[in-house]
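K.L.:
please work out how this folds:
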Amino acid sequence: MAVHRVLQTLHARIGALAPWRARGLAFVLGFAAVFAMPPLYQIYLLIPAFSGLLWLVAGASSRWRAFVVGWWFGAGFFTAGLYWVSFALLVDAAKFAWLVPFAVFGFAFGLGLFGAVAAWCVRAVPSGLAGRALLLAAMWVFLEWVRAWLFTGFPWNPLGSVWAFSDTFMQGASVVGVFGMSLLAALLATLPGALTATPPETKRLGLILNAGVLVVVAGAWLGGQQRLAAATDTTVPDVRLRLVQPNIPQAQKWRPELREGHMMNQVTLAVAPPIAGDPKPTHVIWAETSAPFFIGTHKPWLRLVGASTPSGGLTLLGAPRVVAGALADGATLNVANSLLAIDDVGQVTATYDKFHLVPFGEYVPLQDWLPLERITQGLGSFVAGPGPTTLDLKGLPPVSPLICYEIIFPGQVTDQQNRAQWILNLTNDGWYGRTAGPHQHFVSARLRAVEEGLPVVRVAGTGISGIIDAYGRVMQRLELDEKSFIDGDLPLPSQNLTVFAQFGNTVPLALVILVALGGVIVARRSTV
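P.N.:
Predicted coordinates:
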């Protein structure tokens, strides 16, 4: 009872805040919610953050004020969640440092509009904390899904990533995907705010809903335990991978006078003897743009890479690739961010072109209207490949290659018509330093492994590199700023096709709609 009175007092005080104080508190709550994300996992902070947002929205005197409160909450959330983006602008500080405050707060308040829309929708239904709590959870996750495709998409930091602190809890993503796990986290965070309702029947409903979510959490844990109990450590026979992480600082990566040294460092790591007693690698994998030039047409370097490739195997590396000749003006080239497979005689046997390009990094949105240039080095325009594909490479099971942040898109990482048996993610997180960004990126790879039931091999230029099995478990790993290599076996896919792999985001979206409808129904029947 004492706890209930404290919660009611907090609710009353928050609901009575002046508009400018409410906005400031909303920003702080959104900021605090990010501490629940990787790599900190302070999940308990979601409850005061989202329950506080619920009370702020319920106390808003109009839908517009609720919209503004949600906007400030979203701005706080994305300021803390995406601060690391500014580090990319400091790689060439003389040219781009002036953009840092515009990037941080412009990005935050732009994406914060998703929070504003969620709050407006919640305030639009009749009064009732329990119903509004359900609707807030559903709308937040629905808008996460919208964020995954609107304006090419940017589904960074979905709430479901908070469960990555536990291999057991992560397994729920094999059924409902990360958005389904986001819904569970959102319900766990918003429904405690409904416990301050005063009429007995509404208070009982809040207790029932909170108890129900706890039962679901317990069920997710038990289901995760069961799935992990069926997991095996079996690996693909006759395949031994070497992951090369050279730890080249981004500011030095594209300097022409350092190119030869960078390449030789990677060749040295590729041919280094394995740890005593370990088998020799059959395939070597370098990171995204590990060859910072058009190696596909540079025969001397192709021969050298071929000489460092295991006999009968392949070296897989990232490099820019010319996919068309000179444009009409003769000044620029169409270039793809590509993966190349090079055999032991220096022949390129297969290629893959990145299809999901990074805004402002690989292309400038609305370039005809925005007087900006992309922040990555090089001339010409990056062009997109055709989409997810499956490559058949010598000595390897069929693979779905992905470059950089292509791994963050749930349900968009494999060719559904020609299913791969593993996912290869080449990336370069050197832009973001020792920030939360690379850790969050790595968690995205783990979540895709669980969703698809496929192992993920991730090779990053400066870290984090690793081999992840089909259950999201990290088998081997290199940390940020390590110059080294990993030799490891390739895990097998899970024995059965996951529910998510079969139905994609259909299941979590159906759950979101059901919760949203439940929220509207409950709100209409409430008197609070």
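
K.L.:
would you map the strands across this structure?
P.N.:
235-245, 283-285, 314-326, 333-343, 348-353, 381-382, 399-403, 422-427, 456-460, 465-468, 474-478, 484-491 (DSSP state E).

K.L.:
per-stretch mean pLDDT over the ones you listed, give me the minimum one.
P.N.:
Per-stretch mean pLDDT for those is lowest at strand 381-382 (a mean of 74).

K.L.:
returning to that earlier point: distance to Ser127 and mean neighbour count added to the strands of the chain, as JSON lines?
P.N.:
C-betas here are computed from N, CA, C, even on glycine. Shown next, in JSON lines, are the strands of the chain (distance: least, CB to CB, whole Å; neighbours: other CB atoms under 10 Å):
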{"stretch": "strand 235-245", "distance to Ser127": "55", "mean neighbour count": "20"}
{"stretch": "strand 283-285", "distance to Ser127": "57", "mean neighbour count": "26"}
{"stretch": "strand 314-326", "distance to Ser127": "55", "mean neighbour count": "20"}
{"stretch": "strand 333-343", "distance to Ser127": "51", "mean neighbour count": "23"}
{"stretch": "strand 348-353", "distance to Ser127": "53", "mean neighbour count": "19"}
{"stretch": "strand 381-382", "distance to Ser127": "50", "mean neighbour count": "18"}
{"stretch": "strand 399-403", "distance to Ser127": "46", "mean neighbour count": "27"}
{"stretch": "strand 422-427", "distance to Ser127": "47", "mean neighbour count": "28"}
{"stretch": "strand 456-460", "distance to Ser127": "46", "mean neighbour count": "28"}
{"stretch": "strand 465-468", "distance to Ser127": "46", "mean neighbour count": "26"}
{"stretch": "strand 474-478", "distance to Ser127": "47", "mean neighbour count": "18"}
{"stretch": "strand 484-491", "distance to Ser127": "52", "mean neighbour count": "21"}
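
K.L.:
now the residue nearest to Trp301 when sequence neighbours are not counted: how far from Leu159?
P.N.:
Using CB to CB, 6 or more residues apart in numbering and skipping the chain neighbours, the partner closest in space to Trp301 is Ile295 (5.1 Å). In this view, Ile295 and Leu159 are 41 Å apart by CB to CB, to the nearest Å.

K.L.:
ok, now Ala449?
P.N.:
Distance from Ala449 to Leu159, by CB to CB: 19 Å.

K.L.:
neighbour count winner among the two?
P.N.:
With neighbours defined as other CB atoms under 10 Å, Ala449 and Leu159 compare such that Ala449 has more, 32 against 27.

K.L.:
if I look at the more buried one, what pLDDT would I see?
P.N.:
For Ala449, pLDDT reads 98.

K.L.:
list the contacts of it.
P.N.:
Ile423, Pro455, Val456, Ile468, Asp469, Ala470, Tyr471, Gly472 (CB atoms under 8 Å, 6 or more residues apart in numbering).

K.L.:
my read is that the fourth one contacts Val459, right?
P.N.:
When you say that, I think you mean Ile468. No: contact criterion CB atoms under 8 Å: Ile468 and Val459 do not qualify, at 11.8 Å.

K.L.:
now do the contacts for the nearest residue in space to Pro279 that is not next to it in sequence.
P.N.:
Counting by CB to CB, 6+ apart, Arg240 is the residue found nearest to Pro279 once chain neighbours are left out, at 5.2 Å. By CB under 8 Å, 6+ apart, the contact set of Arg240 is Pro279, Lys280, Pro281, Thr282, His283, Asp487, Gly488, Asp489.

K.L.:
closest to Gly106 among those?
P.N.:
Nearest to Gly106 out of these is Gly488 (CB to CB; 41.2 Å).

K.L.:
please report how far the residue nearest to Arg123 when sequence neighbours are not counted lies from Gly15.
P.N.:
Excluding its sequence neighbours, the residue lying closest to Arg123 (CB to CB, 6+ apart) is Ala66, at 3.5 Å. Distance, Ala66 to Gly15, by CB to CB: 12 Å.

K.L.:
when the two are compared, which one has more neighbours?
P.N.:
Under the neighbour definition other CB under 10 Å, Ala66 and Gly15 were set side by side, and Ala66 has more, 25 against 15.

K.L.:
who touches the more buried one in this structure?
P.N.:
Contacts of Ala66 (CB under 8 Å, 6+ apart): Leu56, Val57, Ala60, Ala119, Trp120, Val122, Arg123.

K.L.:
wait, what's in contact with the fourth one?
P.N.:
Ala119 makes contacts with Leu53, Val57, Ala60, Ala66, Phe67, Val69, Gly70, Trp71, Phe73, Leu136, as judged by CB under 8 Å, 6+ apart.

K.L.:
try 7 Å
P.N.:
Val57, Ala66, Phe67, Val69, Gly70 (CB atoms under 7 Å, 6 or more residues apart in numbering).

K.L.:
the stretch 201-350 of the chain: helices as residue ranges?
P.N.:
Under the criterion DSSP state H, counting those that start in this stretch, the stretch 201-350 of the chain contains helices at 250-253, 259-271, 299-307.

K.L.:
same for the last one, what does it pack against?
P.N.:
When contacts are defined as 3 or more CB pairs under 7 Å, 6 or more residues apart in numbering; DSSP states H and E, helix 299-307 packs onto strand 333-343.

K.L.:
if you set the cut-off to 10 Å instead, what comes out?
P.N.:
Packing partners of helix 299-307 (3 or more CB pairs under 10 Å, 6 or more residues apart in numbering; DSSP states H and E): helix 259-271, strand 314-326, strand 333-343, strand 348-353.

K.L.:
any chance of the ones you listed in TSV, with distance to Gly81 too?
P.N.:
Below are these laid out as TSV (distance: least, CB to CB, whole Å):
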stretch	distance to Gly81
helix 259-271	32
strand 314-326	26
strand 333-343	25
strand 348-353	29
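
K.L.:
looking at the protein, which helix or strand does the model trust least?
P.N.:
strand 381-382 (a mean of 74; mean pLDDT, DSSP states H and E).

K.L.:
now do the same contact list for the nearest residue to Tyr41 once chain neighbours are set aside.
P.N.:
Using CB to CB, 6+ apart and skipping residues adjacent in sequence, the residue nearest Tyr41 is Phe165, 4.1 Å away. Listed by CB atoms under 10 Å, 6 or more residues apart in numbering, the contact partners of Phe165 are Ala36, Pro38, Pro39, Leu40, Tyr41, Gln42, Ile43, Val443.

K.L.:
touching, Asn342 and Lys299? I think so.
P.N.:
Asn isn't right for residue 342; it's Ile. No: applying CB atoms under 10 Å as the test, Ile342 and Lys299 come out as separate, 11.5 Å apart.

K.L.:
what touches both of those two?
P.N.:
Counting by CB under 10 Å, 6+ apart, the common neighbours of Ile342 and Lys299 are Gly306.

K.L.:
list buried residues within the contacts of Phe165.
P.N.:
Buried members of the contacts of Phe165, counted by 16 or more other CB atoms under 10 Å: Ala36, Pro38, Tyr41, Ile43, Val443.

K.L.:
give me every residue that touches the first one.
P.N.:
With contact taken as CB under 10 Å, 6+ apart, Ala36 is in contact with 42-47, 49-50, 157, 159, 161-162, 165, 185, 189.

K.L.:
ok, now the third one?
P.N.:
Listed by CB under 10 Å, 6+ apart, the contact partners of Tyr41 are Phe35, Ser161, Val162, Trp163, Ala164, Phe165, Ser166, Val443.

K.L.:
which among those gets closest to Gly112?
P.N.:
Using CB to CB, Phe35 is the member of these that lies nearest Gly112, at 17.6 Å.

K.L.:
surely that closest one and Gln42 touch.
P.N.:
Yes: Phe35 is within contact range of Gln42, at 4.4 Å (criterion: CB under 10 Å).

K.L.:
so how many other residues sit close to Asp415?
P.N.:
Using other CB under 10 Å, Asp415 has 14 other residues around it.

K.L.:
and it, what are its phi and psi?
P.N.:
Note on Asp415: backbone dihedrals following degrees, to the nearest 10 are phi -80, psi 110.

K.L.:
having no further points to raise, I will conclude here.
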